[in-house]
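Undergrad: Quick one, structure for this:
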Amino acid sequence: MTPQHSPMSRPAAPKANSTAAEGVGTPVSRPAAPKANSTAGEGERTRLSRRKTIVATTIGNGLEFFDFTIYGFLALVIGKLFFPTFDSYGQLLLTVGSFGVGFIMRPLGGIVIGAYADRAGRKKAMTLTIFLMALGCAMIAFAPTYAQIGVAAPILIVLARLIQGFSAGGEVGASTTLLVEHATPANRGYMASWQFASQGLGILLGAAVAGGLTAALGPQGMEAWGWRVPFIIGMLIAPVGMYIRRHLDESLETAGTPAATGQRSSIAEVCSEHGRTVLAAILSVLGGTAAAYVVTFYMPTYAVRELGLPATVALFAAALMGLLSFVLSPLVGAVSDRVGRKPLIVWGRVAMALLIYPAFWWLNASPTPAVLFIVVGLLSIALVVQTAPAITMLPEMFPKHVRASGMSLVYSVGVALFGGFSPLVSAWLVGASGNKLAPAWYLLGMTLVSLLGLLWLKDFTGRDIDDAAAHRPDAEPSSRPARA
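TA: From the prediction side, this is the model:
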């Protein structure tokens, strides 16, 4: 009987196996693993793209700010060589004034290069800026002195600074916009903070190179030829920055945008549809930029000229500021993603307002290297706490197709009016009043006024800034930051 039943029982096993095989191979279950792997792969590629963007932007922007800021660290030497017909005070005013001249072109550079970034892409704009910065460096590096060609020498220096200012005006807007657009709503503060970190890197490198050369060559060697070396370095490292930026991922889809099709100028749209935001943002920028340029660029000159400290000590104090900015900015940016931009900006500026006068008073009462380092360190921390989130807020306030233009316009105008000429104003105040504490009162006033601008600005922390409704006048900012 058993053989008779075996034909009936044998098909059952294959049928069961067939059913099991079908269960494993059905279209519903089999693609699940590849889909998960695909999602994980896309996430890993996104993370790698963000890291590459951070590294490339930080290195390129750091090199560019090295080129732009090294002039400020060599102000006393350049003054003697290019403005020798004036006394030491006149040389100082003219040198820091020519430093500020570079900022006159920033708004124009911000408008032109910002519009170019919104039309042709962020990468192309950033490649252009680093080329122009290197050109300005080359002009200064090989410029004959006043003793060699007379009044044409300072004219050549001013022309070079105008080119560098034009470049810097477009650099910050394009690079910050690129960082913001590679971020998510939950980590935009961290991503954009690398813009200020990269400025700190450039300042650190510039101050360290200038300080090292001054220590190694002495005053005579620096005046003879040493002052040219940093500008030659800045000129030669530009190709490295251009190569790095060429391999960045573009964040703007240019096809079909109003800027790309020529339907409307991006700057015209920024001014007509976001004019109130632009004015409030410029007002909010002035406190941070004035503090940054006084602490970073005027403080070394102040320490040497007014307090009699060695030039190397003053330059290494500026290097400390750059180091703190580079290290702390990403940490502050990450915190701003959790607590919001405005609270950190307000507390940073309140801290600056409370510290600035006692810091200058202590430095004058006890002009030692240790006190200088402590003062610069404390002011730098207050500066980073307010600036890292502030530099994130600026591009967040504009829609994507005009974001680079809006960011460039606000930042370049604010820096031109209140940042670049802060060393000149500070030096003039000391000379005109005879009060060595005058720069403290100037910074205190700028800091307090800048708080007013924040009242009219929205905090977009955690919001999708590419949402079509995000930048409508009646749109309300989110009350709670997004969590990572």
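
Undergrad: Met446 reaches Ala292, doesn't it?
TA: No. Counting by Cβ atoms under 8 Å, Met446 stays clear of Ala292, with 10.9 Å between them. (Glycine included, C-beta is placed from N, CA and C.)

Undergrad: any chance you could map the helices in the stretch 201-350 of the chain?
TA: 229-236, 238-246, 258-261, 266-273, 275-293, 299-305, 311-339, 341-365 (DSSP state H, counting those that start in this stretch).

Undergrad: out of those helices, which comes closest to Ile155?
TA: Closest to Ile155 of the helices of the stretch 201-350 of the chain is helix 229-236 (Cβ to Cβ; 17.2 Å).

Undergrad: low pLDDT regions in the stretch 51-200 of the chain?
TA: Counting by pLDDT under 70, the stretch 51-200 of the chain shows low-confidence ranges at 87-89, 91-93, 95-100.

Undergrad: And the helices in it?
TA: 75-82, 88-104, 106-120, 122-141, 146-149, 152-181, 188-224.

Undergrad: Could you say which one of those comes nearest to Leu452?
TA: Across the helices of the stretch 51-200 of the chain, Leu452 has its closest neighbour in helix 106-120 (21.4 Å, Cβ to Cβ).

Undergrad: Go through the helices of the stretch 201-350 of the chain and name the closest to Gly170.
TA: Short answer: helix 266-273, nearest of the helices of the stretch 201-350 of the chain by Cβ to Cβ, at 12.3 Å.

Undergrad: number of nearby residues for Leu108?
TA: Leu108: 16 surrounding residues under other Cβ atoms under 10 Å.

Undergrad: Distance check, the closest residue to Gly90 other than its chain neighbours against Leu94.
TA: Closest residue to Gly90 apart from its sequence neighbours, by Cβ to Cβ, 6 or more residues apart in numbering: Phe83 at 6.9 Å. According to Cβ to Cβ, to the nearest Å, Phe83 and Leu94 sit 4 Å apart.

Undergrad: who touches both of those two?
TA: Common contact partners of Phe83 and Leu94 (Cβ atoms under 8 Å, 6 or more residues apart in numbering): Pro154.

Undergrad: residues in contact with the closest residue to Leu204 other than its chain neighbours?
TA: Residue nearest to Leu204 in three dimensions, not counting chain neighbours: Gly322, with 3.1 Å by Cβ to Cβ, 6+ apart. Contacts for Gly322 (Cβ under 8 Å, 6+ apart) come out as Gly200, Leu201, Gly202, Ile203, Leu204, Leu205, Gly206, Ala207, Thr296.

Undergrad: you'd agree the second one is up against Thr58?
TA: So the one you mean is Leu201. Yes. Counting by Cβ under 8 Å, Leu201 does reach Thr58; the two are 6.5 Å apart.

Undergrad: Need the overlap of contacts for these two.
TA: Here Leu201 and Thr58 have no joint contacts, going by Cβ under 8 Å, 6+ apart.

Undergrad: Enumerate every residue touching Ser336.
TA: Gly189, Ser193, Leu344, Ala388, Pro389, Thr392, Thr461 are the contacts of Ser336 under Cβ under 8 Å, 6+ apart.

Undergrad: Can you redo these as a markdown table, where the extra columns are distance to Ala281 and neighbour count?
TA: A markdown table is the format used below for these (distance: Cβ to Cβ, whole Å; neighbours: other Cβ atoms under 10 Å):
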| residue | distance to Ala281 | neighbour count |
| --- | --- | --- |
| Gly189 | 17 | 30 |
| Ser193 | 18 | 31 |
| Leu344 | 16 | 23 |
| Ala388 | 16 | 32 |
| Pro389 | 13 | 30 |
| Thr392 | 12 | 30 |
| Thr461 | 16 | 27 |
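
Undergrad: got those as a markdown table, with distance to Leu454 columns?
TA: Shown next, in a markdown table, are the contacts of Ser336 (distance: Cβ to Cβ, whole Å):
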| residue | distance to Leu454 |
| --- | --- |
| Gly189 | 16 |
| Ser193 | 18 |
| Leu344 | 11 |
| Ala388 | 15 |
| Pro389 | 11 |
| Thr392 | 14 |
| Thr461 | 13 |
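
Undergrad: between those, which is nearest Pro107?
TA: Nearest to Pro107, judged by Cβ to Cβ, of the contacts of Ser336 is Thr392 at 21.3 Å.

Undergrad: Chain neighbours aside, what residue packs nearest to that closest one?
TA: Nearest to Thr392 is Ala192, by Cβ to Cβ, 6+ apart, at 3.9 Å.

Undergrad: Fine, thanks again, bye for now.
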